[in-house]
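K.L.:
here is my input; please provide its structure:
(2 chains)
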Protein chains: 2
Amino acid sequence: MQDLIDRFKSGEQRALARLISKLENEAPDREEILKKLFHLTGRAKILGVTGSPGAGKSSLVDQLAKLIRQRGETVGIVAVDPSSPFSGGALLGDRIRMGELSMDKGVFIRSMGTRGSLGGLAKTSKEAVKAMDAFGMDWVIVETVGVGQAELDIMHVANTVMVVLTPGAGDAIQTLKAGIMEIADVFAVHKCDLPGANRIATDVDIMLDQQGNQKDWRPPVIQASSAKNIGLSELLDKVIEHYQYLKDNGLLEAQRRERAKSETLEVVDYRWHQLVREHTNYPGKVSEMLEKVANMDMDPYEAASSILEFVTTNFDWNELTNPGLK
Amino acid sequence: MQDLIDRFKSGEQRALARLISKLENEAPDREEILKKLFHLTGRAKILGVTGSPGAGKSSLVDQLAKLIRQRGETVGIVAVDPSSPFSGGALLGDRIRMGELSMDKGVFIRSMGTRGSLGGLAKTSKEAVKAMDAFGMDWVIVETVGVGQAELDIMHVANTVMVVLTPGAGDAIQTLKAGIMEIADVFAVHKCDLPGANRIATDVDIMLDQQGNQKDWRPPVIQASSAKNIGLSELLDKVIEHYQYLKDNGLLEAQRRERAKSETLEVVDYRWHQLVREHTNYPGKVSEMLEKVANMDMDPYEAASSILEFVTTNFDWNELTNPGLK
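P.N.:
Numbers count the residues shown, from 1 in each chain, chains lettered A, B, ... in the order given. Model prediction:
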């Protein structure tokens, strides 16, 4: 494990890959790894890219990555696809996808699918982003398919969120409705060579005007095409501009602090959750209360009060060192 | 409040509506209401209907509701739309939608949009289903747009899950990929008058065969059209057949018991979550630890251990009676 961390710190990509797999597979030393990573994070510019399926996010992200490389910076990509059961070194996907990027040592791509729960996917994706950040990538791009809750969660790891829309399919408005408007820092109207691109750009602009932006940053709406190589440089510039805006206004630091705090509270909740579930694995007060509810002899709220009291009163500090609880 | 419950018990629909609003608005007596409802639940047949946007779920549900009424039973409908910011008595939506159903006292429709978080929507939607069950509806149909995590959560309240697919749009396979295959008890190939319906039905059948069903129940695949009034009766019969299958094999009771238990544990987690957040509202150990993490003087995992220990050690049983924690 220390050896792995050493190799990771020396910039060996295989160590990065191995480390992400350990996080994803909930290896026993997972938390130890995360502890070590923590102090190395906070240096990368993290870009989140989301939008409807079929919006061409992957191609767009690949083009942006190439542009970043041309500008002399390194980039990690975390491609999250909740509809895919495949994860990890993803034998085919990543290789095919990387294409000309695959030989480039300054790029690292990792695709993540749903192994367990969607909630679990959000968790491990965020951890993968952190690993790439800690690894020393100048940029990390996290790309998610769809606009569900898990995807929104994943976006919380990003400094800048790009929402990708495309002409046609009528899903532009769908996307905007689903609470994604609020999290967008930059809008990309992708496949802008198709008819209807102007219309979408205008629609988004109108919505932005209507909503009467309270923030100082007004999300720019950029038309782009990765196939036709249009607007990509401008798009990346806007992302950098947003990052600079955050930095100059102390918002980057505020964001980092706020996230470190909520992440800590998430760990607290997660451990509590595990602790309570442990109790359900053997006979005792907790199992007994649950049986009562199942028998309709007690309502869930009364039972919950008893369980909460019992677990806290009988909380064994030493249990926390039990790896099973981590 | 007692008055409201009495009116609810006597079958007054306005009391049902008011009660659901209270649950949705997190009224202070929310938990008291849920306690009272608990013992009245478990009698309705609960059907969950999900599928891609545009699959025509609403029309299908309306037709099934009419059919249920024709057969002399009552029905409640909870229509969940995470993309809609509107909820409640939904001045327009529900009325328009109810159409000819609106004058029927044996039907109650409630639409729910995203007021707060998507997670919150799943919670209140499930509570609305319970309220309709407790109210004495023979059937409750809960219909969700999309196939995200929140939607899957909502389906956990159903006895029978119907997945609605439509020809074209290529989203049939998309839907199947997103983990929805596993939760389907009945497949409806809707708009079956459109070209491609047979193909989809066949695809689903093949998938079902390939996956080598471990369960005794093999999800039937029914072609239906609400516009052309095709296959609706057959669809409802299959739902009833599935319900009967659950009942005959003790699975309905097992499902109810299991859900009552996990619901209780959810309440435990939710209260714990609130309890910890309360601590962050004032200076003290918890806030102090969080500051340390924000300053990068401590990692989130070490801080989480301290917080967990502190909150459990200083757990005040009486705080539980504080409405703010409910």
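K.L.:
only C-alpha atoms from now on, for both contacts and neighbour counts.
P.N.:
OK.
K.L.:
give me phi/psi at the closest residue to residue A:294 other than its chain neighbours?
P.N.:
Sequence neighbours aside, residue B:257 is the residue nearest to residue A:294 in space, at 4.5 Å (criterion: C-alpha to C-alpha, 6 or more residues apart in numbering or on different chains). Phi and psi for residue B:257, reported as degrees, to the nearest 10, are phi -60, psi -50.
K.L.:
any idea how many residues pack against residue B:257?
P.N.:
When neighbours are counted by other C-alpha atoms under 10 Å in any protein chain shown, residue B:257 registers 19.
K.L.:
where does chain A have low pLDDT?
P.N.:
Within chain A, the stretches with pLDDT under 70 are A:82-103, A:114-119, A:146-150, A:169-179, A:212-214, A:316-326.
K.L.:
wait, a strand at residue A:163?
P.N.:
Yes: with DSSP: H, G, I helix; E, B strand; the rest coil as the criterion, residue A:163 is located in a strand.
K.L.:
test my guess that it contacts residue A:187.
P.N.:
Yes: assessed by C-alpha atoms under 8 Å, residue A:163 is found in contact with residue A:187 at 5.0 Å.
K.L.:
and residue A:123, what element?
P.N.:
For residue A:123, the host element (DSSP states H and E) is helix A:118-135.
K.L.:
which elements pack onto the very next helix or strand once past that helix?
P.N.:
Scanning forward in sequence from helix A:118-135 by DSSP H and E, the next helix or strand is strand A:139-144. For strand A:139-144, the packing partners by 3 or more C-alpha pairs under 8 Å, 6 or more residues apart in numbering or on different chains; DSSP states H and E come out as strand A:45-51, helix A:57-70, strand A:75-81, helix A:118-135, helix A:149-155.
K.L.:
need the residues that contact strand A:139-144.
P.N.:
Contacts of strand A:139-144 with the rest of the structure, by C-alpha atoms under 8 Å, 6 or more residues apart in numbering or on different chains, involve A:44-51, A:57-58, A:61, A:73-81, A:129, A:132-133, A:151, A:154-155, A:158.
K.L.:
neighbouring strands of it in the sheet, and parallel or not?
P.N.:
Strand A:139-144 sits in its sheet next to strand A:45-51 (parallel), strand A:75-81 (parallel), going by DSSP bridges.
K.L.:
let's have the ones you listed in TSV, adding mean neighbour count.
P.N.:
Output for the strands paired with strand A:139-144, formatted as TSV (neighbours: other C-alpha atoms under 10 Å in any protein chain shown):
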stretch	mean neighbour count
strand A:45-51	25
strand A:75-81	24
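K.L.:
state the distance from the residue nearest to residue A:55 when sequence neighbours are not counted to residue B:293.
P.N.:
Excluding the flanking residues, the one nearest residue A:55 by C-alpha to C-alpha, 6+ apart is residue A:166, at 5.6 Å. Distance, residue A:166 to residue B:293, using C-alpha to C-alpha, to the nearest Å: 40 Å.
K.L.:
quick check: residue A:111 is in a strand.
P.N.:
Yes: using three-state DSSP, the assignment for residue A:111 is a strand.
K.L.:
that one against residue A:121, yeah?
P.N.:
No: applying C-alpha under 8 Å, one finds residue A:111 not in contact with residue A:121, separated by 11.1 Å.
K.L.:
what about the residue nearest to residue A:55, how many residues close to it?
P.N.:
A total of 28 residues lie near residue A:166 under the criterion other C-alpha under 10 Å.
K.L.:
which stretches of chain A form helices?
P.N.:
Secondary structure of chain A (DSSP state H): helices at A:2-9, A:13-24, A:30-38, A:57-70, A:93-98, A:118-135, A:149-155, A:171-175, A:197-210, A:232-248, A:251-279, A:285-294, A:300-313.
K.L.:
excluding its own residues, what touches the last one? List them.
P.N.:
When you say that, I think you mean helix A:300-313. Residues outside helix A:300-313 that contact it (C-alpha under 8 Å, 6+ apart): A:276, A:285-286, A:289-290, A:293, B:31, B:35, B:260-261, B:263-265, B:267-268, B:272, B:312-313, B:315, B:317, B:320.
K.L.:
for that helix, buried residues please.
P.N.:
Neighbour-count burial for helix A:300-313, counted by 16 or more other C-alpha atoms under 10 Å in any protein chain shown, picks out A:300, A:301, A:303, A:304, A:305, A:306, A:307, A:308, A:309, A:311, A:312.
K.L.:
chain center to that helix: distance?
P.N.:
How far helix A:300-313 lies from its chain's middle: 34 Å, per C-alpha atoms, centre = their mean, to the nearest Å.
K.L.:
one more: stretch A:286-294?
P.N.:
Taking the mean of its C-alpha atoms, stretch A:286-294 sits 37 Å from the chain's own mean (C-alpha atoms, centre = their mean).
K.L.:
residue A:52 contacts residue A:165, doesn't it?
P.N.:
Yes: Residue A:52 is in contact with residue A:165 according to C-alpha under 8 Å; the separation is 7.2 Å.
K.L.:
the two - which one has more neighbours?
P.N.:
Neighbour count, other C-alpha under 10 Å: between residue A:52 and residue A:165, residue A:165 has more, with 31 against 21.
K.L.:
how near is the more buried one to chain B?
P.N.:
Between residue A:165 and chain B the computed distance is 16 Å (C-alpha to the nearest C-alpha, to the nearest Å).
K.L.:
name the nearest residue to that residue, ignoring sequence neighbours.
P.N.:
Nearest to residue A:165 is residue A:189, by C-alpha to C-alpha, 6+ apart, at 4.9 Å.
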